[in-house]
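Asker: The sequence and its predicted three-dimensional model are supplied below.
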Amino acid sequence: MSDHKQRDVQVGEIAESTLVLRSRTWTRLRFEVEYARQRGTTANSYLIQAPQVALIDPPGESFTDIFLEELQQHQYYQRISYIILSHVNPNRIATLKQLLMLAPYATVICSKPAANVLRSAFADQPLDSRTLQDEEALDFGIEYGADRSFKLRVVRDEDVLDLGNGHALQFRFVPTPRHPDELCTYDPATGILYTDKLFGAHLCGDDLFDAHWRTLSDDRRYYFDCLHAAQAPQVEAALDKLTPLSAKLYAPGHGPLVRHSLSRLTLDYRDWCQQQQNRELTVALLYTSAYGNTGTLAQAIAQGITQSGVAVNTINCEFAEPAAITRAIEECDGFIIGSPTLGGHAPVQIQTALGIVLSSATKTKLAGVFGSYGWSGEAVDLLETKLQDAGFRFGFEPIRVKFKPTEEQLQQCEAAGAEFAQILKKSKKVWSPRQQVADAQSDRTAQAVGRITGSLCVITTRQADRHQGILTSWVSQATFNPPGITIAISKDQANALADEGSPFVLNILKEGRNVRRHFMKTIAPGEDRFAEMLTHPATNGCLVLDEALAYLECTVQNRMECNDHWLIYATVDNGKVLEAVGVTAVQHRKSATYY
């Protein structure tokens with residue numbers, strides 16, 4: 001395609017009677033709240049043209065118009081009998097509403113949790129996990145608007161839908177904390193397993209399949225880390241459930257279809273899950289989410305924790321047995337509880353989880369609370385008060401978000417997760433009550449020192465052809481003439497500024513951007529920190545971040561050893577404001593014992 005700023009739909013035959021419709025964009029599209037690799041994406045939908053026709057996973061509203069145009073152009077929609085939804089979210093509902101106008105007699109297929117979301121979205125009925133009882137009929141109609149309705153069928157684990165000619169679709173219910181309604185669909189006639197959020201990648205290209213799968217390794221791992229790292233136990237359980245199907249092809253929701261590296265990618269997923277679960281420290285993140293907002297906060301917090309090198313065991317208490325919650329609390333090093341407020345109270349599942357925490361968690365475990373609400377917020381207050389009265393220490397200030405979280409609030413949640421992980425690492429020792437008393441005064445002092453704020457900056461250096469970036473907020477102006485600054489830098493990072501005369505660039509960050517989050521991530525040895533960033537070289541050869549608010553080209557003049565840090569004095573040789581309008585990002589800390 002000549003203009004990569006365009007969006008289109010690529011249609012390809014992937015098996016007999018089976019098409020993929022790939023809604024594509026080469027520009028940045030935020031399918032995931034925290035996903036920022038910016039390599040475009042595809043939203044894959046699938047059409048099985050048996051005697052009865054099934055459409056699997058219409059795309060989100062970013063692609064609604066071009067997707068429906070493609071269906072109409074080839075008249076695919078006229079024979080659609082079933083619309084299968086692997087998961088439901090607001091973006092997909094927007095497309096579904098328009099799709100049902102083209103195919104009004106199609107039956108929508110989904111899991112029980114997804115059915116509750118659809119009932120709320122279409123019929124304006126309150127969303128309640130108990131809305132659809134087991135004893136209710138699995139087929140029922142939903143009326144919406146003035147005179148519209150559609151038929152909904154709820155499928156359970158191992159249910160079968162026979163489309164004819166051997167296409168007897170088998171469903172597997174594989175819930176995760178991020179997608180508690182997740183379904184995978186297997187077609188034995190073609191050997192295709194439709195995996196939705198598993199085995200995907202957010203990047204755009206012309207290849208339907210993964211013939212060049214080695215070039216996909218980084219994108220696949222990045223996708224896993226962003227979407228699945230915080231729910232590794234549930235992903236591993238899903239793999240166990242799907243393995244007996246002996247699929248010949250994975251058809252994910254995003255990216256190339258997996259044919260040539262199916263075994264390799266399956267093993268990679270298992271390895272990545274084990275790596276997460278084998279980390280030295282683990283946080284149990286417990287939550288329920290009435291309208292999805294608390295769940296979104298939970299995923300942002302989990303992202304901050306995992307990027308800081310700490311494992312997360314994310315548990316949606318709505319679908320977890322008390323024994324599983326008890327085991328998670330006993331095995332974790334810290335825990336975080338999130339709750340919506342319904343009718344002025346926390347849901348029963350969270351009250352049960354809180355009771356388990358208060359009865360089984362040792363007071364040495366670090367705690368955190370968060371939640372969303374519509375009109376009040378009593379649930380978060382309840383959690384905070386109960387844990388505080390029980391003597392637990394908090395890893396971040398309680399987070400309260402009204403209605404749907406903003407991008408800035410999600411960044412704050414991710415920062416809170418990173419903060420929680422840092423405190424956990426610092427306090428990796430068994431605190432006795434005597435130690436707690438002895439350290440109380442030093443804790444108060446650390447909290448007071450931590451109230452010193454500083455501008456968030458990234459120091460960029462260059463050694464030979466290797467560029468390095470260091471996130472810091474310990475910067476201050478030191479002299480007027482010549483203009484000079486001081487920087488306190490930890491000893492394990494000080495080699496980059498080891499010698500007098502060493503050049504570097506101080507990139508001053510702008511509030512509201514994701515640069516800070518990028519430099520908080522752990523990278524593999526040899527990985528290029530700047531590969532996915534827009535940069536240009538300064539006159540001293542070090543990198544300027546194009547998304548910075550301003551930058552200073554500096555030269556080291558003196559260094560002084562200060563216990564666990566080096567204090568560096570540097571003169572400013574050159575500088576420029578990149579954005580005349582903007583606010584400097586500032587680092588706020590609770591304690592002086594961590595960054």
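Answerer: Right, received. Where do you want to start?

Asker: how deep is Tyr186 tucked in, by neighbour count?
Answerer: 21 (other C-beta atoms under 10 Å). Using the backbone N, CA and C atoms, a C-beta is placed for each residue, glycine as well.

Asker: what about it, helix or strand, and which?
Answerer: Assigned by DSSP states H and E, Tyr186 belongs to strand 183-187.

Asker: a helix runs through Phe171, doesn't it?
Answerer: No - the assignment for Phe171, made by DSSP: H, G, I helix; E, B strand; the rest coil, is strand rather than a helix.

Asker: measure it to Val108 for me?
Answerer: Plainly put, Phe171 is 14 Å away from Val108 if you go by C-beta to C-beta, to the nearest Å.

Asker: mind checking the longest helix of this structure?
Answerer: Assignment by DSSP state H gives helix 407-426 as the longest helix of the chain.

Asker: Just the buried residues of that one, please?
Answerer: 409-424 (16 or more other C-beta atoms under 10 Å).

Asker: swap in stretch 294-310?
Answerer: Buried residues in stretch 294-310 (16+ other C-beta under 10 Å): 294-308, 310.

Asker: other SSEs contacting the helix or strand where Gly469 lies?
Answerer: In the assignment (DSSP H and E), Gly469 maps to strand 466-472. Strand 466-472 sits against strand 457-463, strand 484-490, helix 515-520, with contacts defined as 3 or more C-beta pairs under 8 Å, 6 or more residues apart in numbering; DSSP states H and E.

Asker: Touching stretch 329-336 from outside, list them.
Answerer: Residues outside stretch 329-336 that contact it (C-beta atoms under 8 Å, 6 or more residues apart in numbering) are 281-286, 301, 313, 328, 356-357, 360-361, 365-370, 395, 420, 424, 428.

Asker: Convert it to PDB, retaining C-alpha atoms only.
Answerer: Coordinates of each C-alpha in stretch 329-336 appear next as PDB, following Å, rounded to 0.1, in the frame of the first residue of the first chain:
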ATOM      1  CA  ILE A 329      -2.100 -14.200  50.100                       C
ATOM      2  CA  GLU A 330       0.000 -16.700  52.000                       C
ATOM      3  CA  GLU A 331       2.600 -17.000  49.100                       C
ATOM      4  CA  CYS A 332       2.900 -13.400  48.200                       C
ATOM      5  CA  ASP A 333       5.300 -10.700  49.500                       C
ATOM      6  CA  GLY A 334       2.800  -8.000  49.200                       C
ATOM      7  CA  PHE A 335      -0.800  -7.500  48.200                       C
ATOM      8  CA  ILE A 336      -3.100  -4.900  46.600                       C
END
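
Asker: and that stretch, what's its mean pLDDT?
Answerer: Mean per-residue pLDDT for stretch 329-336: 92.

Asker: same deal with stretch 579-591?
Answerer: On average, stretch 579-591 scores 80.

Asker: quick check, distance from it to the centre of its chain.
Answerer: Mean-position distance between stretch 579-591 and its chain equals 24 Å (C-alpha atoms, centre = their mean, to the nearest Å).

Asker: pLDDT below threshold where in this structure?
Answerer: Residue ranges of the chain with pLDDT under 70: 1-5, 28-38, 124-138, 146, 428-443, 492, 514, 521-526, 589-595.

Asker: host element of Glu384?
Answerer: Counting by DSSP H and E, Glu384 is found in helix 378-389.

Asker: Give me the residues contacting that helix.
Answerer: With C-beta under 8 Å, 6+ apart, helix 378-389 has contacts from 337, 339-342, 344-347, 350, 354, 357-358, 367, 369-371, 373, 394, 398-400.

Asker: And stretch 241-248, by the same measure?
Answerer: Taking C-beta under 8 Å, 6+ apart as the rule, stretch 241-248 contacts 170, 172, 174, 184, 186, 190-193, 195, 198, 259, 262, 266.

Asker: Give me the buried entries from the residues you listed.
Answerer: For the contacts of stretch 241-248, buried by 16+ other C-beta under 10 Å: 170, 172, 174, 184, 186, 190, 192-193, 195, 198, 259, 262, 266.

Asker: Between all of these, which two are separated the most?
Answerer: Farthest-apart pair in the buried ones among the contacts of stretch 241-248 is Val174 and Arg259; separation 21.1 Å (C-beta to C-beta).

Asker: Report the beta-bridge partners for Asp8.
Answerer: Residues in a beta bridge with Asp8, per DSSP bridges, are Arg24.

Asker: and it, how many neighbours?
Answerer: Asp8, neighbours per other C-beta under 10 Å, totals 15.

Asker: Tyr77 too?
Answerer: 18.

Asker: if I've got this straight, it is in a helix?
Answerer: Yes - judged by three-state DSSP, Tyr77 forms part of a helix.

Asker: returning to what we had before: relative to the strand holding Gly469, what are the paired strands and their orientations?
Answerer: Strand pairing (DSSP bridges) places strand 466-472 next to strand 457-463 (antiparallel).

Asker: Lovely, talk soon.
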